[in-house]
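J.: Turn this into a structure:
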Amino acid sequence: MKKNEYGLFTAIGMIVGIVIGSGIFFKSDNILVATNGSISLGVIVFCIAALGIIFGSLTISELASRESRPGGIITYAEYSYNESAACAFGWFHTFLYYPTLIAVVSWVAGIYICMLFGIDGGLALNIAIGFAFIVIFYILNILSGKLGGYFQNISTVIKVIPLILIALAGVFFGNPNVINIGDVTHMKSATWMAAIAPIAFSFDGWIIATSIGHEIKDSKKNLPKALVIAPLFILIIYVLYFVGISIYVGPEKIMALEDAHVNLAANMLFGTWGAKIILTFVVVSILGTLNGLIMGHIRMPYSLAIRGMFPKSRKIKIVNEKLGMPIYSAIIAFIITLVCLIIHYITQKNNYLPNTDVSEISITVNYLLYILLYFKVFRMGLSGEVKGVWKGKLNPILASVGSLIIFFGSLTNPLFLVYLAICGALLLAAIIFWKFKEKSI
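T.: The predicted structure is shown next:
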């Protein structure tokens, strides 16, 4: 792999670019549905769910400052525990976490492109458009890591524009009376907890920047910086946007229109042609997320293969000298993504997952796995390896609490236990594979 391709801004851009992308645009209606249209409760849940990313990234940054070998999360699991744990983390990210996120985000890209061009596209067309962009971005990142990085930087800047514009529209032209603070003090049921899952989706993806950690200049210094700066920026932007669009369009309209509410807000604010411009920004934003996910995913089989943790590792770990990219790793990642895209199509077509999608359970399980890494940092804090009460004790504790909140918020998913069993089976398969491989070695 080519070294030192990316700087600090690209690392921050990758986190912001992946996290701020599709989720905030197409999950706002899901959040309001879960909170019965309460904006104030939505803001509270945003802040609660943010515990997982803010304190999680602060905690993981301690591991990132100590390890810069290829693999990101795989490296941290190996450093924290052993090869079995590293293999389990790596398989989970390779076969479930990345590809389900890519499948969902590419589908959303198809939805918004149809909106942009006024096409009355159904699920099949949205998926087909998403598939086309998956192909484009896999090829782009295989041919040039730098091109993928440049697109990430550009899309990160562009994607913040519609968020800020809509937030300002709410401040100056919205109806603040729709915010009822009493919703927070009179919570009579726990149905609002269902909003945690879509918010977790909106916040997710920050860990993916660690997959290019070994390609970041001065990684042990710049990656931890990126993991601290980006999440705080994201929380501020998210809350401003959510409040802005909610008071500008109105909670009832947003819930009724579902994903089309962004288009309405843009039309109300700028008219037909202005709305096209805003939707173009939104599409670029979503494609930036898709590109960032693919940047991370194509490196996962390679990162496992260099450790012998993947079938046919000798072949998969080969790096093309001309491109500086592991071609076989990218091809395998693409095939896995295609399978998950087909599964996503089936679940959406048959409405197996109402008000949710295939990625939410893998996101939830991922946060549970993070707790193992947080515990390692906590132990490092107890031993004095990580200095300070805040860094070594409070950060990992709060990060773990955030992960558990996301877990409990996802229990409302109708197929939660089924997906949990699938995730568990995959993790077990990875451990068995490594134990078998270890004996043969």
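J.: And the helix or strand hosting residue 286, how far out from the chain middle?
T.: Per DSSP states H and E, residue 286 falls inside helix 261-297. With Cα atoms, centre = their mean, to the nearest Å as the basis, helix 261-297 stands 17 Å off its chain's centre.
J.: for it, packing partners?
T.: helix 8-19, helix 23-26, helix 98-116, helix 123-143, helix 145-173, helix 219-249, helix 251-257, helix 327-349 (3 or more Cβ pairs under 8 Å, 6 or more residues apart in numbering; DSSP states H and E). (Each C-beta comes from the backbone N, C-alpha and C, glycine too.)
J.: and that helix, which residues are buried?
T.: 261-269, 275-276, 278-297 (16 or more other Cβ atoms under 10 Å).
J.: Same check on stretch 386-395?
T.: Going by 16+ other Cβ under 10 Å, stretch 386-395 has these buried residues: 386, 391, 392, 393, 394, 395.
J.: just stretch 393-407 next, same as before
T.: 393-403, 405-407.
J.: Quick one: those as TSV, columns for distance to residue 9, secondary structure and pLDDT too.
T.: Putting the buried residues of stretch 393-407 into TSV (distance: Cβ to Cβ, whole Å; DSSP: H, G, I helix; E, B strand; the rest coil; pLDDT from 0 to 100) gives the following:
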residue	distance to residue 9	secondary structure	pLDDT
393	32	helix	92
394	29	helix	90
395	25	helix	89
396	28	helix	93
397	31	helix	93
398	28	helix	89
399	25	helix	89
400	30	helix	92
401	31	helix	87
402	27	helix	82
403	29	helix	85
405	31	helix	79
406	29	helix	77
407	33	helix	81
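J.: And those residues, which is closest to residue 340?
T.: Among the buried residues of stretch 393-407, residue 406 lies closest to residue 340 (Cβ to Cβ), at 20.9 Å.
J.: That closest one against residue 195, yeah?
T.: No. Using Cβ atoms under 8 Å, residue 406 and residue 195 do not qualify as a contacting pair, with a distance of 11.1 Å.
J.: on that earlier part again, out of the helices and strands packed on helix 261-297, the one nearest residue 85 is which?
T.: Using Cβ to Cβ, those put helix 98-116 closest to residue 85, at 18.4 Å.
J.: how many degrees apart are that closest one and helix 123-143 in direction?
T.: 120 degrees (axes from the mean of the first three to the mean of the last three Cα atoms, to 10 degrees).
J.: Please save the CA atoms from helix 98-116 in PDB.
T.: Coordinates of each C-alpha in helix 98-116 appear next as PDB, following Å, rounded to 0.1, in the frame of the first residue of the first chain:
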ATOM      1  CA  TYR A  98     -19.500  -2.000   5.700                       C
ATOM      2  CA  PRO A  99     -21.500  -3.700   3.000                       C
ATOM      3  CA  THR A 100     -24.900  -3.100   4.700                       C
ATOM      4  CA  LEU A 101     -24.100   0.500   5.100                       C
ATOM      5  CA  ILE A 102     -22.900   0.800   1.500                       C
ATOM      6  CA  ALA A 103     -26.100  -0.900   0.300                       C
ATOM      7  CA  VAL A 104     -28.400   1.500   2.200                       C
ATOM      8  CA  VAL A 105     -26.500   4.600   1.300                       C
ATOM      9  CA  SER A 106     -26.300   3.700  -2.400                       C
ATOM     10  CA  TRP A 107     -30.100   3.100  -2.300                       C
ATOM     11  CA  VAL A 108     -30.600   6.500  -0.700                       C
ATOM     12  CA  ALA A 109     -28.400   8.100  -3.400                       C
ATOM     13  CA  GLY A 110     -30.800   6.600  -6.000                       C
ATOM     14  CA  ILE A 111     -33.800   8.000  -4.200                       C
ATOM     15  CA  TYR A 112     -32.400  11.600  -4.200                       C
ATOM     16  CA  ILE A 113     -31.200  11.400  -7.700                       C
ATOM     17  CA  CYS A 114     -34.700  10.500  -8.800                       C
ATOM     18  CA  MET A 115     -36.000  13.500  -6.800                       C
ATOM     19  CA  LEU A 116     -33.400  15.800  -8.400                       C
END
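J.: Report the distance from it to the chain centre.
T.: 13 Å.
J.: same thing with stretch 231-243?
T.: Distance, centroid of stretch 231-243 to centroid of chain: 15 Å (Cα atoms, centre = their mean).
J.: Taking the buried residues of stretch 386-395 together, which two end up most distant?
T.: Pairwise over those, using Cβ to Cβ, the maximum falls at 386 and 394, 11.2 Å.
J.: Just send the helices and strands packed on helix 261-297 back as CSV, with mean neighbour count too.
T.: Listed next are the helices and strands packed on helix 261-297 as CSV, based on neighbours: other Cβ atoms under 10 Å:
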stretch, mean neighbour count
helix 8-19, 26
helix 23-26, 27
helix 98-116, 25
helix 123-143, 18
helix 145-173, 19
helix 219-249, 21
helix 251-257, 17
helix 327-349, 18
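J.: mean pLDDT lowest for which of the ones you listed?
T.: Among these, helix 23-26 carries the lowest mean pLDDT, a mean of 66.
J.: that older thread, nearest to residue 315, of the buried residues of stretch 393-407?
T.: Looking across the buried residues of stretch 393-407 and measuring by Cβ to Cβ, the closest to residue 315 is residue 403, at 35.9 Å.
J.: The closest one and residue 56, how far apart?
T.: Using Cβ to Cβ, to the nearest Å, we find residue 403 at a distance of 7 Å from residue 56.
J.: got it, and residue 433?
T.: In terms of Cβ to Cβ, residue 433 sits 27 Å off from residue 56.
J.: Check residue 233 too.
T.: 15 Å.
J.: Tell me where the stretch 251-400 of the chain is predicted with low confidence.
T.: The stretch 251-400 of the chain contains residues with pLDDT under 70 at 259, 354-355.
J.: got a list of what residue 81 touches?
T.: 372, 376 (Cβ atoms under 8 Å, 6 or more residues apart in numbering).
J.: measure it to residue 331 for me?
T.: For residue 81 relative to residue 331 (Cβ to Cβ), the value is 30 Å.
J.: again with residue 108
T.: For residue 108 relative to residue 331 (Cβ to Cβ), the value is 25 Å.
J.: now residue 41
T.: 45 Å.
J.: ok, back up a step: which one's more surrounded, residue 433 and residue 56?
T.: residue 56 (29 against 17; other Cβ atoms under 10 Å).
J.: Run the angle between the helix or strand containing that one and helix 8-19 for me.
T.: Using DSSP H and E, residue 56 sits in helix 39-64. For helix 39-64 against helix 8-19, the angle between stretch directions is 140 degrees (the same axes, to 10 degrees).
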